[in-house]
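**Q** Got a sequence here, can you build the structure:
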Amino acid sequence: MALSFPGDCRYADSHEYVRPEGERLRLGLSAFAIDQLGDIVFVELPEVGATLTQGASFGSVESVKAVEDLLAPVTGVVLARNEAVLSSPEELQNDPYGEGWLLLLQPADPSQLEGLMDAAVYGAKVQGA
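**A** Model prediction:
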């Protein structure tokens, strides 16, 4: 599978991505992480209104291979969560950067984005370049 890393996203070492949408951020799990996990069977996400802290766990993704913690790439408040992914976890595999998003956040400190990798750096890291 050819993995894609959209240029409008920023990426964390733990393989979450954020895509700026105005003053908000759409958060998801990169195609690389999803590829590594295999068939995803369960997703756990925080409730709307929860506060995420950069670097802290905010939920988990369970596949037939493993259970992985989701780590917040930035600090912020959950504005929305993707209920479709909770009821149909395979959406993550089908479209990780589109319909397979996880959360919509109001970031506490937008400058935290500068500490995340751009698509070129992240792509090179995960593909061993």
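**Q** show me where the chain has helices.
**A** 31-37, 83-87, 91-94, 119-126 (DSSP state H).
**Q** Distance from the last one to the middle of the chain?
**A** On the basis of C-alpha atoms, centre = their mean, to the nearest Å, the separation between the geometric centre of helix 119-126 and that of its chain is 15 Å.
**Q** Pull out the buried residues from that helix.
**A** By neighbour count on 16 or more other C-beta atoms under 10 Å, the buried set for helix 119-126 is Ala119, Tyr122, Gly123, Val126. All C-beta spots, glycine's among them, are computed from the backbone N, C-alpha and C.
**Q** so what's the last one closest to, chain neighbours aside?
**A** Counting by C-beta to C-beta, 6 or more residues apart in numbering, Phe32 is the residue found nearest to Val126 once chain neighbours are left out, at 4.4 Å.
**Q** so what's that neighbour up against?
**A** Leu3, Phe5, His15, Val126, Gln127 (C-beta atoms under 8 Å, 6 or more residues apart in numbering).
**Q** on that earlier part again, let me have the buried residues of helix 119-126 in a markdown table, extended by distance to Pro107.
**A** A markdown table is the format used below for the buried residues of helix 119-126 (distance: C-beta to C-beta, whole Å):
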| residue | distance to Pro107 |
| --- | --- |
| Ala119 | 19 |
| Tyr122 | 19 |
| Gly123 | 23 |
| Val126 | 24 |
